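> coords please:
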Amino acid sequence: MNRFVIMTVGKTHSGKTTFANELEKKLVHSVMVDQDAHAEFLQTHYARLLPKEGPNLIKYALTRTIVDYAANETDRHIILSNSNLSIKSRTQLLAEFHNKGFTSILVHFDIADSILQERVAASRRSTEILRTAVSFQEVLNKQQTNGVAPSESEADILISIKQPDETPAAINQIVRLVMHEEEK
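Got it, this is the predicted structure:
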C-alpha cells in the first residue's frame, strides 16, 4: 500500500489542528501527530526538564520518536500537525519520508493575518504550551516575519487553504486521493 504523509504548514490559529483531527477521523487508517499535544504533556508532567532558553529538544525528541515509530512500525498514513514554517526542517523531514516511499501532501494554511488576529484575540487556548512567548499574539507577530511558505517542488502535492471555509473541500480531496491509492 502506498502510504501518505500529510503535513500542515501555517501560522498559529490558522486551523491546522482542527484540520488534522477532522482528517484523522475520515482517514481511518491514519494517525495524527501533534507537537502541541507533546508540549502540553511535557509541561504538565515534566516541566522541570524543559529548557528555559533555546530549542525544546525534549519535545522534538518525543515527536521524533512517535513519528519514527509510526513510519517504521505501522502501516498507517501519518498526519503531522504543527506549523512547519522552517523550510529547512520541513524539507529535511519530507526527504526522510520520500526515502521511505511515502507520498507527501503539504497543506498550507495561508489564512489572512486579519482573520488570525481575530482568532488570537478571541482564543481561550491555554498558553501553557508556550515557552519562548507569553501569548499567542506574540507567536503570531514572530510568525509574520519568520518562515517561508511552501512551494510546489517541496512535496508531491501542495494544497493551499486561503479561507477557513475551504477546509472541508481540502479534507475531502485528500480522502478521495488516499482512498483511490488504497484501492489500487
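> So what pairs up with the residue nearest to the spatial centre of the chain in the strands?
Nearest to the mean C-alpha position of the chain, counting by CA atoms, centre = their mean, stands residue 81 at 2.2 Å. Here residue 81 shows beta-bridge partners residue 34, assigned using DSSP bridges.
> which residues does it contact?
8, 16, 17, 19, 20, 21, 32, 33, 34, 35, 36 (CB atoms under 8 Å, 6 or more residues apart in numbering). All C-beta atoms are positioned from the backbone trio N, CA, C, and that covers glycine.
> Recalculate using a threshold of 7 Å.
Residues in contact with residue 81, defined by CB atoms under 7 Å, 6 or more residues apart in numbering, are 8, 16, 17, 20, 32, 33, 34.
> do the same with residue 49
The contact partners of residue 49, taken as CB under 7 Å, 6+ apart, are residue 58.
> I'd like to know which of the contacts of residue 81 is nearest to residue 91.
When the contacts of residue 81 are ranked by distance to residue 91 (CB to CB), residue 8 comes first, at 15.3 Å.
> Secondary structure element holding the closest one?
Using DSSP states H and E, the element containing residue 8 is strand 4-10.
> Helix or strand next in line after that strand, which one?
Going down the chain from strand 4-10, the next helix or strand is helix 16-26, by DSSP H and E.
> That next one packs against which elements?
Using 3 or more CB pairs under 7 Å, 6 or more residues apart in numbering; DSSP states H and E as the contact test, the elements touching helix 16-26 are strand 4-10, strand 30-34, strand 77-81, helix 167-183.
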